[in-house]
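Peer 1: Sequence and predicted structure are below.
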Amino acid sequence: MGIEFAESDRTAGEAYLRAAAGVDEFEGYAHPHAARVARLAEALAEHFRLSRADRTSIVFAALLHDIGEQTMQRDYIKRDGPLTEAERLDLARHPVIGEQEAARIGADRAVQLLVRWHHEWFGGGGYPDALRGEQIPLGARILRVADAYAALTDARPWRPAGTESEARKHLGLWAGIEFDPSVVLAFLSLEGLPELRSFAREQRKEEEAVPEQTQAPTIIRRPFDDADDRREEIVHAGEQPAQSPWDAGTPS
Ligand SMILES: [Fe+2]
């Protein structure tokens, strides 16, 4: 994926690209995730006309955002199936461990803090610090949207890849709760980037011989959940999905 670095950032950028590839390999992802998040986040940072220094911090933090998971080396991260409550709480430490790891490998404080806050929710329901609204730096609000979209449009062992329209709808439903609505609006205006393409097509081609489910699984979420990681439960046709507060009153 074509990430361009200014001459002064090249050595660090290339080191973080290698670190990102290491995290993807640890996670067992079939497609690069961190570099895809970095490209999407960079496009958003350009949309908001952020300074070059801020754009660079956002790209570096995107590359390193889940490095804490690699540092933790937990077997459950790659296990198929839902996490126990204890595992979910343990995994919620990865942004803080990632902040420390980013410091250890020489990333500056801006990058460290964006890694720390990449799971903060605009409505205050995120972690590790339960920041709210503009207490969360714009860079971290950008990372949350880019990370969520990239995760939702790629397959994980416990769920298939969502389509682009499913992921866009998800961003809209959770705007104001998980996501900064202004970042969601900016994201929905992006076009033409190869990183926007969902891997669902590829997956469906692979699954052509398999009969389709009569009804798509519905993702239900609980407070402290987010689109990344295994904070989702999949329920199938016939089960009752939990309603998001945004479902009430939304015209169908
Ligand atoms: Fe994360």
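Peer 2: Thanks, I have the structure now.

Peer 1: Tabulate the CA atom coordinates of stretch 22-34 in CSV.
Peer 2: Extracted as CSV, the C-alpha positions of stretch 22-34 are listed here (Å, rounded to 0.1, in the frame of the first residue of the first chain):
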residue,chain,number,x,y,z
GLY,A,22,4.6,-7.8,12.3
VAL,A,23,1.4,-7.0,14.2
ASP,A,24,-0.8,-8.1,11.2
GLU,A,25,1.2,-11.4,11.1
PHE,A,26,0.8,-11.9,14.8
GLU,A,27,-3.0,-11.3,14.5
GLY,A,28,-3.1,-13.8,11.6
TYR,A,29,-4.9,-11.3,9.3
ALA,A,30,-5.2,-12.4,5.7
HIS,A,31,-4.9,-8.8,4.4
PRO,A,32,-2.8,-5.9,5.8
HIS,A,33,-4.9,-4.1,8.4
ALA,A,34,-2.6,-1.5,10.0
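
Peer 1: OK, contacts around Leu113?
Peer 2: With contact set as CB atoms under 8 Å, 6 or more residues apart in numbering, Leu113 has these partners: Glu99, Pro137, Ala140. Any C-beta I mention is one placed from the backbone N, CA and C, and that applies to glycine too.

Peer 1: got JSON lines for those residues, with secondary structure, pLDDT and distance to Glu46 too?
Peer 2: Shown next, in JSON lines, are the contacts of Leu113 (DSSP: H, G, I helix; E, B strand; the rest coil; pLDDT from 0 to 100; distance: CB to CB, whole Å):
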{"residue": "Glu99", "secondary structure": "helix", "pLDDT": "98", "distance to Glu46": "25"}
{"residue": "Pro137", "secondary structure": "coil", "pLDDT": "98", "distance to Glu46": "17"}
{"residue": "Ala140", "secondary structure": "helix", "pLDDT": "98", "distance to Glu46": "17"}
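
Peer 1: So which of the residues you listed would count as near the ion as well?
Peer 2: With CB under 5 Å from the ion as the criterion, the contacts of Leu113 include none near the ion.

Peer 1: Show me which helix runs longest in this protein.
Peer 2: Counting residues, the longest helix found in the chain (DSSP state H) is helix 10-27.

Peer 1: Enumerate the positions of it that are buried.
Peer 2: Buried residues in helix 10-27, counted by 16 or more other CB atoms under 10 Å: Ala12, Gly13, Tyr16, Leu17, Ala19, Ala20, Val23, Asp24, Phe26, Glu27.

Peer 1: can I get the residues you listed in CSV with pLDDT and distance to Gln73?
Peer 2: Output for the buried residues of helix 10-27, formatted as CSV (pLDDT from 0 to 100; distance: CB to CB, whole Å):
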residue, pLDDT, distance to Gln73
Ala12, 97, 24
Gly13, 96, 25
Tyr16, 98, 20
Leu17, 97, 21
Ala19, 97, 15
Ala20, 97, 17
Val23, 95, 12
Asp24, 95, 15
Phe26, 94, 8
Glu27, 92, 11
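
Peer 1: Show me which pair in those residues is furthest apart.
Peer 2: Among the buried residues of helix 10-27, the pair separated by the greatest distance (CB to CB) is Ala12 and Glu27, at 22.3 Å.

Peer 1: residue boundaries of the helices in the stretch 51-200 of the chain?
Peer 2: Here the stretch 51-200 of the chain has its helices, by DSSP state H, counting those that start in this stretch, at 52-64, 67-72, 85-91, 94-104, 109-116, 138-152, 164-173, 181-188, 200-206.

Peer 1: average pLDDT across the shortest one?
Peer 2: Read that as helix 67-72. For helix 67-72, the mean per-residue pLDDT is 97.

Peer 1: likewise the third one?
Peer 2: Averaged over helix 85-91, pLDDT sits at 96.

Peer 1: Quickly check: that helix near the ion or not.
Peer 2: No: using CB under 5 Å from the ion, helix 85-91 stays clear of the ion, coming no nearer than 8.5 Å.
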